[in-house]
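Colleague: Need coordinates for the following:
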Amino acid sequence: MNETLSAFDLLEGDHNGSGLRRLQEELYTMKEPIRHAMDAGLSTDDFSVAQRVLQAVQNAEEAVVRLHDKISRGES
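Modeller: So this is what the prediction gives:
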């Protein structure tokens with residue numbers, strides 16, 4: 001089953017943290033192939049792109065935690 005939900009859909013009313021964990025697992029799944037490719041060796045240009053993509057995923061990891069905290073506290 002490949003269900004597409006927004007981060008907000010997963011985090012809204014997520015008092016037990018299951019939506020947050022699902023998002024974190026998805027982001028981890030995105031990050032691992034990038035790291036493996038970087039470790040395996042890339043051209044300078046490709047490595048630069050991979051670093052930016054990896055940073056974007058890491059930023060998303062931080063953002064979902066902050067969003068979950070805000071939604072859980074009832075802030076907008």
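Colleague: Any regions of this protein where pLDDT drops low?
Modeller: Scanning the chain for pLDDT under 70 picks out the ranges 1-3, 5, 75-76.
Colleague: again, only this time at 50
Modeller: Scanning the chain for pLDDT under 50 picks out 1, 76.
Colleague: From the centroid of it, which residue is nearest?
Modeller: Leu27 (3.3 Å; Cα atoms, centre = their mean).
Colleague: can you pull out the helices in the chain?
Modeller: 7-11, 18-40, 44-72 (DSSP state H).
Colleague: from the ones you listed, which stretch is densest packed?
Modeller: helix 7-11 (a mean of 16; mean count of other Cβ atoms under 10 Å). (C-beta placed from N, C-alpha, C; glycine too.)
Colleague: and that one, how far out from the chain's middle?
Modeller: Relative to the centre of its chain, helix 7-11 is centred 12 Å away, using Cα atoms, centre = their mean, to the nearest Å.
Colleague: for that helix, packing partners?
Modeller: helix 18-40, helix 44-72 (3 or more Cβ pairs under 8 Å, 6 or more residues apart in numbering; DSSP states H and E).
Colleague: Redo these as TSV? Include distance to Leu10.
Modeller: As requested, the helices and strands packed on helix 7-11 are exported to TSV (distance: least, Cβ to Cβ, whole Å):
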stretch	distance to Leu10
helix 18-40	4
helix 44-72	9
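Colleague: can you tell which of those helices is closest to Glu12?
Modeller: Of all the helices and strands packed on helix 7-11, helix 44-72 sits nearest to Glu12, with 6.1 Å by Cβ to Cβ.
Colleague: what's the angle between that closest one and helix 18-40?
Modeller: The directions of helix 44-72 and helix 18-40 differ by 170 degrees, with axes from the mean of the first three to the mean of the last three Cα atoms, to 10 degrees as the criterion.
Colleague: Would you mind pulling up the elements that helix 44-72 packs against?
Modeller: Packed next to helix 44-72, using 3+ Cβ pairs under 8 Å, 6+ apart, are helix 7-11, helix 18-40.
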